[in-house]
Structures are given as structure tokens and as C-alpha cells.
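Enquirer: test case, fold it:
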Amino acid sequence: MTAIVQVEGLKKSFGKFVALKDVNFSVNPGEVVGFIGPNGAGKSTTIRTILGIIKKDAGKVTVFGKDAWQESIEIHQQLSYVPGDVALWGNLTGGEIIDLFMKLHGQGDLVKRDQLIKKFELDPRKKAKSYSKGNRQKVGLIAALSVESELYILDEPTSGLDPLMESVFQEEVEKLKHAGKAILLSSHILSEVERLADKVVIIRDGKVVETGTLDEMRHLTRSTVTVSTKDQVASLVEVQGVHDFQQKGQQATFSIDNKHLNGLLAALGQLEVVKFEVVPPTLEDLFIRHYEN
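Expert: Numbering: from 1, shown residues only. Next up, the predicted model:
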């Protein structure tokens, strides 16, 4: 499969400040890549380099096989982009701005536009200067989703939206994925990334520190276990891979390295189990693992 976006050894400095040290990842057709990291980690700088807004210092950045800086005009004909804080022309209505963006792109679908306006509950007749942050984001999302693109770059796209509108956005991203579109999603809402992303890229201090599917990354962390028995549950503290063991009566709660789950099951086979729950690690767990220090 040929990658839509390919980033290899990307480096970028602003004066003495090194913003990107060594960034590597790809986005394939029909794939949602979650791009996460705290403020200042290099997410927006990476995205702006992919968009051809910033020129890289070193490395390789291609989109549709074309150089992101030298061939940005051709690239933009096939992509849609929504920033985290959409700036609009205050004296134009939301509907006029959506239509303008669609005309600039050239691949607009008026029927889909009207459907999205209804779904996102936007009043397109109001002047943009009267819109809240959430409504400004809706304008950007509707404009981006109403055109036919092969790549969607979404940088904190649901910033300012309420949970109901976030759900509408997630449904639309699922449709794009099933249509074979490539999606790069940068979001601070980890549950959103966890629901949508096929692959997660974690960036820290300008360098990618983890990349892979959620299932692959979950092998690197621990599950949380709650177990109640009629026997001495305290014996489970001796099982290899058990951490943070806490007991209350005949119930114990602890975390365990996933590679040692078979050993835990063998130990439980020797006890009379009343209750047994295993909660897999969340994306928050993986994220905190990289930033807790």
C-alpha cells in the first residue's frame, strides 16, 4: 500500500530552539492516524510542514508522493484541513464562508453541505462575528467535510464543540475512513482518538516516542484486575507481574503486565473465584506513561 503521507527524519528549528528532532510516521488510505502529544511537543509544527506552510530543515515529507513544500499547490487540491481555532471573515455569514471554501477547493457537494449544516445544527444565516468558538469550528468542519478530498488533516477539530456535536464529527470521520480516505487526527481528547484511530503516533519534545496500533501498544502496559474469592485472595500478590496490590476483605485490585496474564489465570484456578474483572489499558494509560516524568 502506497502511503498518502510519508514523514521521514523530519527536523525543524526556530533559531536555537529545536522544534522537531526526528519525526517518522505515515498515513495510508482508509486509515485514521491519531497524532497526540502535549502543547509544545511539535504536533502543529509537523502538521504545518505537511501542509507546506513551514519549510523543513532536514528529512523528507511527501503527500501523494509529492514534496510537501515544493508542490504544495497541487497537494492542496486533494486535501481538506481544519485547524484548532478557525478564523473567519466577520462580515460574511457562515453559509457564505462555507460556499467560498467549497468554491476555492472546487470539489464541493451541495447536498452533503446541507446535510452537514443540519447535523451540526449551524445557523448559516448569521454573521461569523456573532459565532461562538464552537460555531466557528462547525463552519470549518462543514466546509472540509463537504468537499471530496483524499486526505483530511484535522488539528484539534472538535475544540469548542459540545459532546453531541463531537459524536456527529466522529460519525463523519468513520464514513470517510470506510470510503478509503486518509485521515490525520491531532486531538487532546484521548477518548476520541481511541475510538477513531487505527494507529497512534505519540510525539514528545519534537520526537516520536511511540507509534503503532492500540493493540500493539497495549502489550507495553498493564491491565487493571479486580478479583473476589472465597479463599485467601492475598496469595495473588505473589504472582509475577502484579503491581499496586490492594486488598479489602476478600477482594483485591491490582495491575498486571499483560504478558503475565496466563500466570494469573493459573493462580486463580487454585482459588474459588466469585468475581473477576479485567480492564484493558486505555490510551490515557499509554499517554501518561510517556509524560508522567
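Enquirer: scan this structure for its longest helix.
Expert: Ranked by residue count, the top helix of the chain under DSSP state H comes out as helix 163-178.
Enquirer: and the next helix or strand past that helix?
Expert: strand 182-186 (DSSP states H and E).
Enquirer: mind listing what's buried along stretch 67-74?
Expert: 68-69, 72 (16 or more other Cβ atoms under 10 Å). C-beta here means a position set from N, CA and C on the backbone, and glycine is covered the same way.
Enquirer: same list (the residues you listed) but as CSV, adding pLDDT and secondary structure.
Expert: Output for the buried residues of stretch 67-74, formatted as CSV (pLDDT from 0 to 100; DSSP: H, G, I helix; E, B strand; the rest coil):
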residue, pLDDT, secondary structure
Ala68, 96, coil
Trp69, 96, coil
Ser72, 94, helix
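Enquirer: which one of those residues sits closest to Asn24?
Expert: Closest to Asn24 out of the buried residues of stretch 67-74 is Ala68 (14.6 Å), distances taken as Cβ to Cβ.
Enquirer: do you know how far that closest one is from Leu10?
Expert: 10 Å (Cβ to Cβ, to the nearest Å).
Enquirer: quick check: Lys177 touching Gly30?
Expert: Yes - Lys177 is within contact range of Gly30, at 6.1 Å (criterion: Cβ atoms under 8 Å).
Enquirer: so those two - more neighbours on which side?
Expert: Ranked by neighbour count (other Cβ atoms under 10 Å), Lys177 and Gly30 place Lys177 first, with 19 against 15.
Enquirer: let me see the contact set for the more buried one.
Expert: With contact set as Cβ atoms under 8 Å, 6 or more residues apart in numbering, Lys177 has these partners: 30-32, 183, 196, 198.
Enquirer: now do 6 Å
Expert: Listed by Cβ atoms under 6 Å, 6 or more residues apart in numbering, the contact partners of Lys177 are Val32.
Enquirer: on that earlier part again, export the buried residues of stretch 67-74 to CSV and tack on distance to Leu271?
Expert: Shown next, in CSV, are the buried residues of stretch 67-74 (distance: Cβ to Cβ, whole Å):
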residue, distance to Leu271
Ala68, 58
Trp69, 62
Ser72, 63
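Enquirer: let me know the closest of the residues you listed to Thr224.
Expert: Ala68 (41.6 Å).
Enquirer: for that closest one, phi and psi?
Expert: Dihedral pair for Ala68: phi -60, psi -30, per degrees, to the nearest 10.
Enquirer: distance of it from Lys55?
Expert: 9 Å.
Enquirer: kindly report the same for Trp89.
Expert: From Trp89 to Lys55 the distance is 28 Å (Cβ to Cβ).
Enquirer: still on that earlier bit, tell me, what's touching Ala68 and Leu10 both at once?
Expert: Common neighbours of Ala68 and Leu10 (Cβ under 6 Å, 6+ apart) are Val61.
Enquirer: which of the three states applies to Met102?
Expert: helix (DSSP: H, G, I helix; E, B strand; the rest coil).
Enquirer: and it, how many neighbours?
Expert: Met102: 20 neighbours (other Cβ under 10 Å).
Enquirer: right, and it touches Gly108 too?
Expert: Yes - between Met102 and Gly108 a contact is recorded at 3.2 Å, counting by Cβ atoms under 6 Å.
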